[in-house]
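In: coords please:
(4 chains)
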Amino acid sequence: MLLEIVCDPIDLRSIESAVLAPGCGGIVSFCGTVRERADDGRAVEGLRYEAHEAMARASFREIADEVRATMPEVRLAIVHRIGALNVGEIAVAVVAAAPHRAEAFAAARFAIDALKERSPIWKQERYCDGERLWLENRCGEEPR
Amino acid sequence: MLLEIVCDPIDLRSIESAVLAPGCGGIVSFCGTVRERADDGRAVEGLRYEAHEAMARASFREIADEVRATMPEVRLAIVHRIGALNVGEIAVAVVAAAPHRAEAFAAARFAIDALKERSPIWKQERYCDGERLWLENRCGEEPR
Amino acid sequence: MPVVRLVAFARLRELLGEPRAIALPEGAKVGDLWETLVREEPRVTALARGLRFARNEALCDAETPLREGDEISLLPPFGGG
Amino acid sequence: MPVVRLVAFARLRELLGEPRAIALPEGAKVGDLWETLVREEPRVTALARGLRFARNEALCDAETPLREGDEISLLPPFGGG
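Out: Okay, here's the model as predicted:
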């Protein structure tokens, strides 16, 4: 299990390599990237993430433990970047490998939903017009 | 939309690059790889895929059209390799990019399930003991 | 005597060979082509379960009439992905 | 007079500054720390909605007593992913 908060750009391929095992036939990767437009259409210059790093890593371990409890064959990675990110860069990567695809999809979806809900990570959207806004995840609503 | 049957190794990163647009904040990739053991535990030497290439490409277009009809913001790629594959190599890649993750997950899952059910592609498992077996997808059952 | 191109896949390709031309009596249907193949290679009988046919890249059924130059594909149950 | 380390995040970090030590009266609870901060910087009042507290990296509530050397984190609603 690769569970990390990182400051440098995320290399999805190396995460997938770390997770993939010869017994895994299906691998599902979710990758959240910085969009060029906010939900309200405003041009985005970039994002800034910060985290309570120790608590965020602990939440990743808790999520991984829950996945393991229900889907012991799944191999999981959760990596979230913090600091300043530009449009198009990867903010978060969740990779789940499993012998069969149903578990890989279920684990990846569960992990990203759980991360958004319970990992102490914060996102500031920085707009091209100069404004900066701390955004909250809308939990229990339609997922973003 | 990148919809292809290929003979050469699949480069997932280049498929993701082709699909990703600055407006897409979530990208889900499903990647099916050759497992080292069959469901019955037998050691696998490799797989051989063949396809009715024209009909398979047409089925990919049909799947992409159905995704577009219900989720117009999704950008989709479906690439399946044919010929001889070794353990660990990628047989199929489905990549779905969307402004939000729910659509990306739904589109990727729909596309791989639909491909397994309706794309004229055949898989021969080649075991280390010398036996070769053409395998059928179990449609309507627990997905592999 | 329509001449059609027969294309078989997977185990059926192994038994029936690579794509080839095959002549059938006037008025023959896709099902008659299958019967001809069963006589030629009885081992294909075991592969009838789940078999689908396509005429010129479109799924069809055993009642579809054969026309000169048609490409008839024999599609066993799929295994992609 | 327990001295605790205050760590705030996101908008609260912008208003309250980087991590620092803060002294509180004997018997003070996490909620008393928050009240102290509201007096110090009234603009944090608007950020009480959805706010969570952690003591030494474990979630806690306003009734949790403060002890010397505790690290108290102020966690606004999360925005990761």
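In: Pull the number of nearby residues for residue C:33.
Out: For residue C:33, the neighbour count with other CB atoms under 10 Å in any protein chain shown is 22. All C-beta atoms are positioned from the backbone trio N, CA, C, and that covers glycine.
In: dump the residue contacts of it.
Out: With contacts defined as CB atoms under 8 Å, 6 or more residues apart in numbering or on different chains, residue C:33 is in contact with C:4, C:6, C:22, C:24, C:66, C:72.
In: ok, now with 7 Å
Out: Residues in contact with residue C:33 (CB atoms under 7 Å, 6 or more residues apart in numbering or on different chains) are C:4, C:24, C:66, C:72.
In: Throw those residues into JSON lines and include neighbour count, thanks.
Out: As requested, the contacts of residue C:33 are arranged in JSON lines below (neighbours: other CB atoms under 10 Å in any protein chain shown):
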{"residue": "C:4", "neighbour count": "22"}
{"residue": "C:24", "neighbour count": "19"}
{"residue": "C:66", "neighbour count": "22"}
{"residue": "C:72", "neighbour count": "21"}
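In: If I look at the closest residue to chain D within chain C, what pLDDT would I see?
Out: Nearest to chain D, among the residues of chain C, is residue C:81, at 28.6 Å (CB to the nearest CB). On pLDDT, residue C:81 comes in at 94.
In: Touching, it and residue B:31? I think so.
Out: No. Under the criterion of CB atoms under 7 Å, residue C:81 is not in contact with residue B:31, lying 10.8 Å apart.
In: Nearest residue to the closest residue to chain A within chain C in space, please, no chain neighbours.
Out: In chain C, the residue that lies nearest chain A is residue C:81 (8.2 Å; CB to the nearest CB). Once flanking residues are discounted, residue C:81 sits nearest to residue B:116: 4.2 Å by CB to CB, 6 or more residues apart in numbering or on different chains.
In: now for the helix or strand encompassing that neighbour, which elements pack on it?
Out: In this assignment (DSSP states H and E), residue B:116 forms part of helix B:101-118. Helices and strands touching helix B:101-118, by 3 or more CB pairs under 7 Å, 6 or more residues apart in numbering or on different chains; DSSP states H and E, are helix A:101-118, strand B:26-33, helix B:53-70, strand B:75-81, strand B:90-98.
In: May I see the buried residues of that helix?
Out: Of the residues in helix B:101-118, B:101-118 count as buried by neighbour count, 16 or more other CB atoms under 10 Å in any protein chain shown.
In: can you list contacts of stretch A:40-59?
Out: Stretch A:40-59 is contacted by residues A:3, A:5, A:34-38, A:80-87, A:91, A:118-129, D:9-10, D:54, D:57, D:73, D:75, D:80 when judged by CB under 7 Å, 6+ apart.
In: hmm, 6 Å instead?
Out: With CB atoms under 6 Å, 6 or more residues apart in numbering or on different chains as the test, stretch A:40-59 has contacts from A:5, A:34, A:36, A:38, A:82, A:84-86, A:118-128, D:57, D:73.
In: what's the span of it, first residue to last?
Out: 30 Å (CA to CA, to the nearest Å).
In: Going by neighbour count, which residues in that stretch are buried?
Out: Neighbour-count burial for stretch A:40-59 [16+ other CB under 10 Å]: A:44-53, A:55-59.
In: and if you look at stretch A:125-136?
Out: Residues of stretch A:125-136 classed as buried by neighbour count (16+ other CB under 10 Å): A:125, A:126, A:127, A:134, A:135.
In: What's the mean pLDDT across it?
Out: Stretch A:125-136 shows a mean pLDDT of 96.
In: residues near residue C:40, how many?
Out: Residue C:40 has 11 neighbouring residues, counting by other CB under 10 Å.
In: Can you tell me the closest non-neighbouring residue to it?
Out: Residue C:40's closest residue in space is residue C:16 (CB to CB, 6+ apart), at 7.8 Å.
In: ok, that neighbour touching residue C:8?
Out: Yes. The pair residue C:16 and residue C:8 qualifies as a contact (CB atoms under 6 Å) at a distance of 4.4 Å.
In: what's residue A:84 in contact with, if anything?
Out: When contacts are counted by CB under 6 Å, 6+ apart, residue A:84 touches residue A:48.
In: I'd guess residue C:68 is in a strand, am I close?
Out: No. Residue C:68: not assigned to a strand; according to DSSP: H, G, I helix; E, B strand; the rest coil it is coil.
In: returning to what we had before: pull the most distant pair out of the buried residues of stretch A:125-136.
Out: A:127 and A:134 (12.6 Å; CB to CB).
In: Now mean pLDDT and distance to residue C:32 too, for the helices and strands packed on helix B:101-118, in CSV please.
Out: Putting the helices and strands packed on helix B:101-118 into CSV (pLDDT from 0 to 100; distance: least, CB to CB, whole Å) gives the following:
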stretch, mean pLDDT, distance to residue C:32
helix A:101-118, 97, 40
strand B:26-33, 96, 38
helix B:53-70, 98, 22
strand B:75-81, 98, 33
strand B:90-98, 97, 36
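In: nearest to residue D:34, of the ones you listed?
Out: Here helix A:101-118 is closest among the helices and strands packed on helix B:101-118 (CB to CB), at 21.5 Å.
In: How many neighbouring residues does the residue nearest to residue C:40 have?
Out: Residues within reach of residue C:16, counting by other CB under 10 Å, total 21.
In: Tell me the spacing between it and chain B.
Out: Going from residue C:16 to chain B by CB to the nearest CB, to the nearest Å gives 14 Å.
In: Give me the phi and psi for that residue.
Out: phi -100, psi -10 (degrees, to the nearest 10).
In: Can you show me the helices along chain C?
Out: Taking DSSP state H to define them, one finds helices in chain C at C:10-16, C:30-40.
In: pretty sure residue A:36 contacts residue A:87?
Out: Yes. Using CB under 6 Å, residue A:36 is in contact with residue A:87, at 4.8 Å.
In: Name the residues of chain A found near chain B, please.
Out: Residues of chain A lying near chain B by CB under 6 Å from any CB of the partner chain: A:13, A:22, A:25-33, A:35-36, A:100, A:102, A:105, A:109, A:143-144.
In: which of the residues you listed count as buried?
Out: Among the residues of chain A next to chain B, the ones that count as buried (16+ other CB under 10 Å) are A:25-33, A:35-36, A:100, A:102, A:105, A:109, A:143-144.
In: what's near enough to touch residue 71?
Out: All of this refers to chain A. A:103, A:107.
In: that's the wrong chain, I wanted chain C
Out: Contacts for residue C:71 (CB under 6 Å, 6+ apart) come out as C:5, C:56.
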